[in-house]
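*Asks:* With the sequence up front, the predicted model follows.
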Protein chains: 2
Amino acid sequence: MVVDCANCPLRKFEVFDSLNRDETAFMRRFKHGELKVDPGTPLLMEGSNSPQLYTALRGMGLRYKILPNGKRQVVNFILPGDFLGLQAGLMGEMQHSVEATTPMVLCVFDRAELWTLFKNEPERAFDLTWLSAMEEHFLGDALTSIGQMSAVERLSWGLLRYFTKCRDLGLADGSRCPFPYRQQDLADALGLSLVHTNKTLMKLRQRQIVSVQDGCLTILDHDTLADSAMLEVKRPQRRPLI
Amino acid sequence: MVVDCANCPLRKFEVFDSLNRDETAFMRRFKHGELKVDPGTPLLMEGSNSPQLYTALRGMGLRYKILPNGKRQVVNFILPGDFLGLQAGLMGEMQHSVEATTPMVLCVFDRAELWTLFKNEPERAFDLTWLSAMEEHFLGDALTSIGQMSAVERLSWGLLRYFTKCRDLGLADGSRCPFPYRQQDLADALGLSLVHTNKTLMKLRQRQIVSVQDGCLTILDHDTLADSAMLEVKRPQRRPLI
DNA sequence: CGCGAGGTTGACCACCCTCAACACGCGTGG
DNA sequence: CCACGCGTGTTGAGGGTGGTCAACCTCGCG
């Protein structure tokens, strides 16, 4: 019932580094089991001290923070291959919450073994740091987007980023990919109001640039979109999978 | 002329973890030298593949990204103890630029030895990941601030965060600390226009909350400021220094 | 003395927010 | 079967926060 790391369905995608036999053996020991959750289930809570680390195996979710005044910032959309819980693992406490938006399957690791990983598996430790640096990079980009771009540009940026990540994971069918989020989620991710997000999405759809409908994201004019998002099209960078 | 890691002037501050003799010995080997730069000197450039890693020892700077349209996002203010260049070290290319705003002294490390560090110094590797996760956490907070807060709140947040970090480093004198940045830098950090930043700073000064003048930041009403910034006052968390 | 960098201020207006109402599909219970 | 509530998407009206433009001031420096 539980996926063996040697047959990990994600590993076959080009974006992910491959492992040798020893490394696979370690992952197999490191993996404690799997967790299946329904949409809406909170996986990690801000301020909690969860003893578990996860890698998303199937399904999608989102990472967010809640302010004292009730406002919410969506920090990231979670896709398969994303590693969750490192902050609690290292710093003792989660700084954001994570919630599933579709049914999800996650690999579960024991935080107590993090130290073993650093001690005995320097390659994996390196990968972990790599992932953390990648996330840092993404957040820097997001900050730049929210801080300096208009509503049309932000939506272009967010949707294109999301689509590209989906495509690298084999989740896209041509120029379409699943998008199990509400407009409110997008709005909270990009620092826009729900109403303005709606109107801007409408504009982008009418201009035949992108369309978000019925849980699907469709890229209609990739070039114009990339332009508006101020993103260059580049070959996906290989990354570690833990 | 060059500071010996055993006598590192930063290490004495409470915020930083202490090292045992072996660890100090490694740091001494890892440290290749020092770099002194003048204000305005670029230390790292976006897109470059610098072979060097740095730790700021003295002086201040800032980290920023430039968009194709010329707009700039200041990602972070650099203070002593901050580690620079990890992204290039791991992912091959810097994703942002770093520039000095005061005279700075930096410890220089060789990126090629990063792997040695992971292989032979798991504690240091752990610390490196810790730092990366901390930066990730900070960026998540910044995103939330820029995405969800008003101008007054953002400025409160940015200034209080900066002041707290300064104080933990012994750089504050009572409720004052050096602030070698222009209003334009603050504006670019918080996603506001220069003019609006100016007017909002004025408002905060008149209300006797905080004042930014002549390269100095003064906290006039810490409680109100923390309130407006939606930040709780907590004991500084100890962190690694590399 | 002239110049440039940074700070300050006012006028104007646009982008985006808020409020409010309505449409639509779905599940539940009467 | 329909009524109802709920969550989500859609649309319009009105206003405020914050952006842009432009001018002026101060200060340090050559």
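*Replies:* Received, thanks.

*Asks:* got a list of contacts for stretch A:234-242?
*Replies:* Applying CB atoms under 8 Å, 6 or more residues apart in numbering or on different chains, the external contacts of stretch A:234-242 come out as A:8, A:10-11, A:14-17, A:27, A:55, A:81, A:83, A:124, A:127-128, A:130-131, A:134, A:164, A:168, B:91. The way it works is simple: take the backbone N, C-alpha and C, and place the C-beta from them, glycine included.

*Asks:* The helix or strand containing A:Ala25 packs against which elements?
*Replies:* According to DSSP states H and E, A:Ala25 maps onto helix A:21-30. Applying 3 or more CB pairs under 8 Å, 6 or more residues apart in numbering or on different chains; DSSP states H and E, we find helix A:21-30 packed against helix A:122-148.

*Asks:* Dihedrals phi and psi, A:Ile78?
*Replies:* phi -90, psi 130 (degrees, to the nearest 10).

*Asks:* again with A:Arg176
*Replies:* Torsion angles, degrees, to the nearest 10, at A:Arg176: phi -120, psi 150.

*Asks:* And for the residue nearest to it when sequence neighbours are not counted, the neighbour number?
*Replies:* In space, and not counting its chain neighbours, A:Arg176 is closest to A:Thr218: 4.8 Å by CB to CB, 6 or more residues apart in numbering or on different chains. As a burial measure, A:Thr218 scores 18 neighbours (other CB atoms under 10 Å in any protein chain shown).

*Asks:* wait, isn't A:Leu220 in contact with A:Val212?
*Replies:* No. Between A:Leu220 and A:Val212 there is no contact, the gap being 11.0 Å when judged by CB atoms under 8 Å.

*Asks:* Who has more neighbours out of these two?
*Replies:* Between A:Leu220 and A:Val212, counted using other CB under 10 Å, the more crowded position is A:Val212 (18 against 14).

*Asks:* Show me how the record splits chain A into domains.
*Replies:* Under the assignment automatic domain parsing, the domains of chain A span A:5-142, A:147-229.

*Asks:* Let me know the next secondary structure element after the lowest-mean-pLDDT helix or strand in chain A.
*Replies:* Ranking every helix and strand in chain A by mean pLDDT, DSSP states H and E puts helix A:86-91 at the bottom, with a mean of 90. Past helix A:86-91, further along toward the C-terminus, the next helix or strand under DSSP H and E is strand A:97-100.

*Asks:* Give me the helices and strands touching that following strand, please.
*Replies:* Taking 3+ CB pairs under 8 Å, 6+ apart as the contact cut, strand A:97-100 packs with strand A:42-44, strand A:61-66.

*Asks:* which one of these has the most crowded surroundings?
*Replies:* Of all these, strand A:61-66 carries the top mean neighbour count, a mean of 21, counting by mean count of other CB atoms under 10 Å in any protein chain shown.

*Asks:* Now look at that strand and say if it contacts DNA strand D.
*Replies:* No. Using CB under 7 Å from any atom of the strand, strand A:61-66 stays clear of DNA strand D, coming no nearer than 12.2 Å.

*Asks:* and the angle from that strand to helix B:122-148?
*Replies:* 70 degrees (axes from the mean of the first three to the mean of the last three CA atoms, to 10 degrees).

*Asks:* Strand A:61-66 pairs with which strands, parallel or anti?
*Replies:* strand A:72-78 (antiparallel), strand A:97-100 (antiparallel) (DSSP bridges).

*Asks:* Pull the first one out as PDB, backbone CA atoms only.
*Replies:* This points to strand A:72-78. Extracted in PDB, the C-alpha atoms of strand A:72-78 (Å, rounded to 0.1, in the frame of the first residue of the first chain):
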ATOM      1  CA  ARG A  72      -4.100  35.900   5.500                       C
ATOM      2  CA  GLN A  73      -1.000  35.700   3.300                       C
ATOM      3  CA  VAL A  74      -0.700  32.700   1.100                       C
ATOM      4  CA  VAL A  75       3.000  32.100   1.000                       C
ATOM      5  CA  ASN A  76       3.100  29.300  -1.500                       C
ATOM      6  CA  PHE A  77       1.100  26.700  -3.400                       C
ATOM      7  CA  ILE A  78       2.200  23.100  -2.500                       C
END
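
*Asks:* what sits against A:Met91?
*Replies:* Contacts of A:Met91 (CB under 8 Å, 6+ apart): B:Trp130, B:Ala133, B:Met134, B:His137, B:Gln237.

*Asks:* For those residues, point out the one with the lowest pLDDT.
*Replies:* Note: of these, the lowest pLDDT belongs to B:Gln237, at 91.

*Asks:* Now do the SS call for that one.
*Replies:* The three-state label given to B:Gln237 by DSSP: H, G, I helix; E, B strand; the rest coil is coil.

*Asks:* Check A:Glu14 too.
*Replies:* Following three-state DSSP, we place A:Glu14 in the coil state.

*Asks:* residue ranges with poor pLDDT in chain A?
*Replies:* Across chain A, nothing is flagged by pLDDT under 70.

*Asks:* Close to DNA strand C: what parts of it are there?
*Replies:* So far as CB under 7 Å from any atom of the strand goes, chain A lies against DNA strand C at A:Ser150, A:Ala151, A:Val152, A:Gly191, A:Leu192, A:Ser193, A:Leu194, A:Val195, A:His196, A:Thr197, A:Thr200.

*Asks:* Recalculate using a threshold of 10 Å.
*Replies:* Within chain A, the positions near DNA strand C by CB under 10 Å from any atom of the strand are A:69, A:71, A:149-155, A:187, A:190-200, A:203, A:214.

*Asks:* So for the residue most central in space within chain A, what's the nearest residue that isn't a sequence neighbour?
*Replies:* Geometric centre of chain A, nearest residue: A:Ile78, 2.9 Å, by CA atoms, centre = their mean. Closest residue to A:Ile78 in three dimensions, ignoring its sequence neighbours and counting by CB to CB, 6+ apart: A:Gly61, at 3.9 Å.

*Asks:* Bridge partners for that neighbour, pull those for me.
*Replies:* A:Ile78, A:Ala100.

*Asks:* Ok, the one 4 residues further on next?
*Replies:* With DSSP bridges as the criterion, the beta-bridge partners of A:Lys65 are A:Gln73.

*Asks:* measure it to A:Gly92 for me?
*Replies:* 17 Å (CB to CB, to the nearest Å).

*Asks:* Repeat that for A:Val152.
*Replies:* Taking CB to CB, one finds A:Val152 at 41 Å from A:Gly92.

*Asks:* quick one: which of those two has more around it?
*Replies:* Between A:Val152 and A:Gly92, counted using other CB under 10 Å, the more crowded position is A:Val152 (16 against 9).
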